[in-house]
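Undergrad: What follows is a protein structure lacking sequence information:
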């Protein structure tokens, strides 16, 4: 499992002097912690992870209402939790990339509704006794907050910025690719121009050679014609002179 920004589970735990009692839970991801990504022990149920974390580092500053938030992180998960002065603690497990400020906002809203519906029961409820009753409430908040960009404007803007960055990266990569193609075309064009110049020079040299050969052939033909005429005419002239 790799690091992500997914919301996995939430629970309501009653803090007690000798430990804690999980009175309600909702497993949004429908999975347990795996050996490679567990918060506190391989294969441990997420509620046990929450109770263990709270036992090691309980919420602080509980005199002013629900608060005292703590964030505990593993290699790919984080646990965010807070409590009220009476010891009713609400916790959520998310991926390590889930914004903790969004998780705290969820806890504040969830606590307000949970306290209104089950606050008195939570103070004395046996373990897990409010899980079924509060399933719709816990599940609704997990559904609402499963995508942090839907409930947090800053996160939405950051998501848009990331998309723009990705698009710009793709555009730059395309430009570099086009530039490379243009450089290749320019090199091929220069090569063709060079070949054309060589061809032109060879054509000029060949044309000069052909002119010289034609001139030579013309001179040879003229010489032959003159020679033939001399051979024919000289005897006739000599014969005519003798006859005269």
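TA: Yep, it's here. Source: prediction; values computed, not measured.

Undergrad: Residue 85 and residue 60 touch, don't they?
TA: No: applying C-beta atoms under 8 Å as the test, residue 85 and residue 60 come out as separate, 11.8 Å apart. Placement of C-beta: from N, CA and C, glycine included.

Undergrad: what's the helix or strand for the residue nearest the centre of the chain?
TA: Against the mean C-alpha coordinate of the chain, by C-alpha atoms, centre = their mean, the closest residue is residue 166 at 6.3 Å. Per DSSP states H and E: residue 166 is located in helix 153-243.

Undergrad: ok now that helix, how far from the chain's centre?
TA: Remark: helix 153-243 is offset 49 Å from the chain centroid, using C-alpha atoms, centre = their mean, to the nearest Å.

Undergrad: tell me the mean pLDDT for that helix?
TA: When pLDDT is averaged along helix 153-243, the result is 79.

Undergrad: when you give positions from now on, start the count at 36
TA: Happy to do that; since the first residue is 36 now, the last one works out to helix 188-278.

Undergrad: Need the nearest residue in space to residue 95, chain neighbours excluded.
TA: Spatial nearest neighbour of residue 95, chain neighbours left out: residue 103 (4.5 Å); criterion: C-beta to C-beta, 6 or more residues apart in numbering.

Undergrad: Which pLDDT does the model give the one you found?
TA: pLDDT at residue 103 comes out at 90.

Undergrad: So it sits against residue 118, correct?
TA: Yes: in terms of C-beta under 8 Å, residue 103 counts as a neighbour of residue 118; the distance is 5.7 Å.

Undergrad: if you count what's nearby, which of those two comes out ahead?
TA: residue 118 (26 against 18; other C-beta atoms under 10 Å).

Undergrad: tell me the contacts of the more buried one?
TA: 50, 93, 94, 97, 101, 102, 103, 124, 125 (C-beta atoms under 8 Å, 6 or more residues apart in numbering).

Undergrad: Distance to residue 241 for the residues you listed - can I get that in TSV?
TA: What follows is the contacts of residue 118, written out as TSV (distance: C-beta to C-beta, whole Å):
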residue	distance to residue 241
50	101
93	98
94	96
97	101
101	97
102	95
103	96
124	97
125	94
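
Undergrad: Can you tell me which of these comes closest to residue 158?
TA: Compare each of the contacts of residue 118 with residue 158 using C-beta to C-beta and the shortest gap goes to residue 50, at 10.8 Å.

Undergrad: Now go through the contacts of residue 118 and say which are in strands.
TA: 50, 102, 103, 124, 125 (DSSP state E).

Undergrad: And the furthest pair within the residues you listed?
TA: Across the ones in strands among the contacts of residue 118 (C-beta to C-beta), the longest gap, 13.7 Å, separates 50 and 102.

Undergrad: Overlap of the contact sets of those two?
TA: Contacts common to residue 50 and residue 102, judged by C-beta under 8 Å, 6+ apart, are 94, 118.

Undergrad: rewinding a little: now do the helix holding residue 201: which elements does it pack against?
TA: If contacts are counted by 3 or more C-beta pairs under 8 Å, 6 or more residues apart in numbering; DSSP states H and E, helix 188-278 sits against no helix or strand.

Undergrad: Surely residue 153 and residue 166 touch.
TA: No: using C-beta under 8 Å, residue 153 is not in contact with residue 166; the gap is 10.8 Å.

Undergrad: intersection of neighbour lists for those two?
TA: With C-beta under 8 Å, 6+ apart, residue 153 and residue 166 have common neighbours residue 59.
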